[in-house]
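Trainee: Just a sequence and a predicted model for now, questions to come.
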Amino acid sequence: MKKSPSIFNDVIGPIMRGPSSSHTAASWRIAKMCLEMLQEPLKSAVIDFDKNGAWAPNYREQGTTLGIDGGLLGLEMTDNLMKQTEQVAAEREIAITYEVNAFKTKHVNTVRLNLKGINGKNVKALAASLGGGAFEIQELNGFEVSLRGNYYELLIFTDEEIHNFDSIKSVFPELKSISKSSYKGSSLINVKLSKTISHIALTILKEKMAVSEAVLLNPVLPVIAGNEKKVPYTTIDSLIKYSINQNYDLGKLGLIYEQSQSGLSANEVNEIMIQHVDIINKSIEIGLKGTIYNDRILPQQSHLIDKAAKAGKILNNSIVNEIIKNVSAIMESKSAMEVVVANPTAGSCGAVGGVLKAVADELKSSKDELIQAYFAAGLVGVYFANGPGFSAEEHGCQVECGASAGMAAAGIVQLFGGTAKQAIDAASMAIQNMIGLVCDPIADRVEAPCLGKNVSAAVNALSSATMVASGFNALIPLDEVISTVSSVSSQMPTCVKCTGKGGLAITKTACAIKAKLSSQMD
Ligand code: SF4
């Protein structure tokens, strides 16, 4: 593999509130790290987006302001106060303002943050959201950096000429990497660590070199990097060979992968997956009970399926009914700002959870079997994360609902008791059916056509898993399908990549809905 994604850091998760993982979760993580960098209570912040970037037209509607507000206010994503961040900021007398300006970026989802503390300290950062909650802080107070929230990051600012890192390495022999960046005659040394450090170590460092400031930033991702062990397979081919040699299914391979990636035990990794699956199933329950939120296009609809079935208006006892109910319930929870699991993104959070629960219920699978299905799904997501990633702004909905369809198909084959090869082939078939899918959310809300696309992804996953488990041939291997997603996205116009400038988003009706919602917000 080129990169080493983690199932929990990059595929199943973050656990979050809000409409979009790339807008809300990533921006929350960026803001949280910048606040930690400030080292004093926040007084005010000015946030701006590039006028030519993908965030400028929809940063408020898609929840970027919500994520940034929450991170800057020090709120956890699961905190109920995340539903009213503007009110919390006003109560705490913290001024957070948003602007659109022109500036140079390397990524379409780029934001600048300018924080001022109550004692006058200033932190300026430039950061990009990379899809599914992943992010990179690329600049800090003028220094080039690469902070992705997966390490303990020690930032050492110094005016001293640095010729080598020997003195730093002698204080932190366990460091995972060290790099230097220069700006206006000063240096920033970035030390990446997998464990926290003591105050004593910092005192020793200050005795050895002239440190103007040293700040330790905590990781914001669940799996800390630098504890990796060698994964016994890399390519899809080697994974299938390994599964045959060891007689392992894809669920087991997913568990082994995440254990190797995190350095955690099988039990610990299992526990984290159980926590995620419990939240997903809870979001189905909450959605079915009924949810309310003002800034929303669609009302509660998930309860309509049972009503229609009882009235004989649709098929009775069909698993499709259960899938639609579950997927809609998760999406409704998301739209009502309840806690959900991005899977692989918040926009596509309904498909995997909705269909795996429906199939597991139908098969009367055990909890452990359901957890194994999520590991199978997660491993397919890892290959996706290692390819195009999950940014709809770069690749359209084929990397959100397309990816989730592939992940879900693999999970269903796992529930069927199929082999790793069958699970991988089912993922290939399901993704093939969604190549070229555009991202065109109506009124910049991640609700429609997102709901229909999530339902389609889930039903497509079930049909693909059924076909492959019955002996149908997926023909094109999964790795070739995933690289086709990347090549097709380079042929897709920007207007259908989450910009609100193409597809259904610019229909007469969508424009009228957007105008109505805007007038309600004013
Ligand atoms: S259309 Fe797809 S990619 Fe775009 S916001 Fe909706 S779910 Fe996400």
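Mentor: The structure has been received and is ready for your questions.

Trainee: okay, CA-based contacts and neighbour counts for the rest of this
Mentor: Fine.

Trainee: Look up which residues are beta-bridged to Ser44.
Mentor: Ala95, Lys116 (DSSP bridges).

Trainee: gap between it and Glu338?
Mentor: In this structure, Ser44 and Glu338 are 28 Å apart, going by C-alpha to C-alpha, to the nearest Å.

Trainee: Looking at the two, which is more packed in?
Mentor: Per other C-alpha atoms under 10 Å, whichever of Ser44 and Glu338 has more neighbours is Glu338, with 27 against 18.

Trainee: Nearest residue to the more buried one in space, please, no chain neighbours.
Mentor: Nearest residue to Glu338, sequence neighbours excluded (C-alpha to C-alpha, 6 or more residues apart in numbering): Arg17, at 5.7 Å.

Trainee: number of nearby residues for that neighbour?
Mentor: Neighbours of Arg17 under the rule other C-alpha under 10 Å: 30.

Trainee: Nearest spatial neighbour of Pro219, chain-adjacent residues omitted?
Mentor: Gly149 (4.7 Å).

Trainee: Burial check on the one you found, number of neighbours?
Mentor: 25.

Trainee: next one: Ala458
Mentor: Ala458 has 32 nearby residues by other C-alpha under 10 Å.

Trainee: Then Gly226?
Mentor: Gly226, neighbours per other C-alpha under 10 Å, totals 18.

Trainee: Show the backbone phi and psi for it.
Mentor: phi 100, psi 0 (degrees, to the nearest 10).

Trainee: going forward, begin numbering at 887 instead of 1
Mentor: Noted, 887 is the first residue going forward, which turns the last one into Gly1112.

Trainee: now it: how far from Ala1316?
Mentor: As for Gly1112, its distance to Ala1316 is 34 Å (criterion: C-alpha to C-alpha).

Trainee: for the longest helix anywhere in the chain, packing partners?
Mentor: When the chain is parsed with DSSP state H, its longest helix is helix 1152-1175. Packing partners of helix 1152-1175 (3 or more C-alpha pairs under 8 Å, 6 or more residues apart in numbering; DSSP states H and E): helix 1136-1148, helix 1205-1221, strand 1226-1227, helix 1235-1249, helix 1253-1271.

Trainee: Repeat the analysis, applying 10 Å as the threshold.
Mentor: Taking 3 or more C-alpha pairs under 10 Å, 6 or more residues apart in numbering; DSSP states H and E as contact, the helices and strands that helix 1152-1175 lies on are strand 901-902, helix 1136-1148, helix 1205-1221, strand 1226-1227, helix 1235-1249, helix 1253-1271.

Trainee: Only the buried residues of the following helix or strand past it, if you could.
Mentor: Note on helix 1152-1175: by DSSP states H and E, the next helix or strand toward the C-terminus is helix 1190-1196. For helix 1190-1196, the neighbour count (16 or more other C-alpha atoms under 10 Å) marks 1191-1192 as buried.

Trainee: what's next to helix 1190-1196, contact-wise?
Mentor: Contact partners of helix 1190-1196, identified using C-alpha atoms under 10 Å, 6 or more residues apart in numbering, comprise 1174, 1197-1204, 1206-1208, 1210-1211.

Trainee: Which ChimeraX command selects the buried ones in those?
Mentor: This is how ChimeraX selects the buried members of these, with burial counted by 16+ other C-alpha under 10 Å:
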select :1174,1206,1207,1208,1210,1211
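
Trainee: With pLDDT and distance to the ligand as added columns, please give the contacts of helix 1190-1196 in a markdown table.
Mentor: Converted to a markdown table, the contacts of helix 1190-1196 look like this (pLDDT from 0 to 100; distance: C-alpha to the nearest ligand atom, whole Å):
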| residue | pLDDT | distance to the ligand |
| --- | --- | --- |
| Leu1174 | 97 | 20 |
| Ala1197 | 97 | 31 |
| Gly1198 | 97 | 31 |
| Lys1199 | 98 | 28 |
| Ile1200 | 98 | 26 |
| Leu1201 | 97 | 27 |
| Asn1202 | 94 | 28 |
| Asn1203 | 92 | 28 |
| Ser1204 | 97 | 25 |
| Val1206 | 98 | 20 |
| Asn1207 | 98 | 20 |
| Glu1208 | 98 | 20 |
| Ile1210 | 98 | 15 |
| Lys1211 | 98 | 17 |
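
Trainee: what about the strands in the protein?
Mentor: 901-902, 928-936, 981-987, 996-1003, 1008-1017, 1020-1026, 1029-1033, 1038-1044, 1063-1069, 1072-1079, 1099-1103, 1226-1227 (DSSP state E).

Trainee: Around the ligand, which positions in the stretch 1287-1408 of the chain sit nearby?
Mentor: Taking C-alpha under 6 Å from any ligand atom as the contact definition, the stretch 1287-1408 of the chain meets the ligand at 1287, 1325-1327, 1332, 1335-1336, 1384.

Trainee: Per-residue pLDDT of the residue of the stretch 1137-1286 of the chain found nearest the ligand, please?
Mentor: Closest residue of the stretch 1137-1286 of the chain to the ligand, C-alpha to the nearest ligand atom: Cys1283 (3.6 Å). Note for Cys1283: predicted pLDDT of 98.

Trainee: ok so, going back, which one of the strands of the chain lies nearest to the ligand?
Mentor: The ligand lies closest to strand 1008-1017 among the strands of the chain, at 10.2 Å (C-alpha to the nearest ligand atom).

Trainee: and that closest one, does that touch the ligand?
Mentor: No: using C-alpha under 6 Å from any ligand atom, we find that strand 1008-1017 stays clear of the ligand, coming within 10.2 Å at best.
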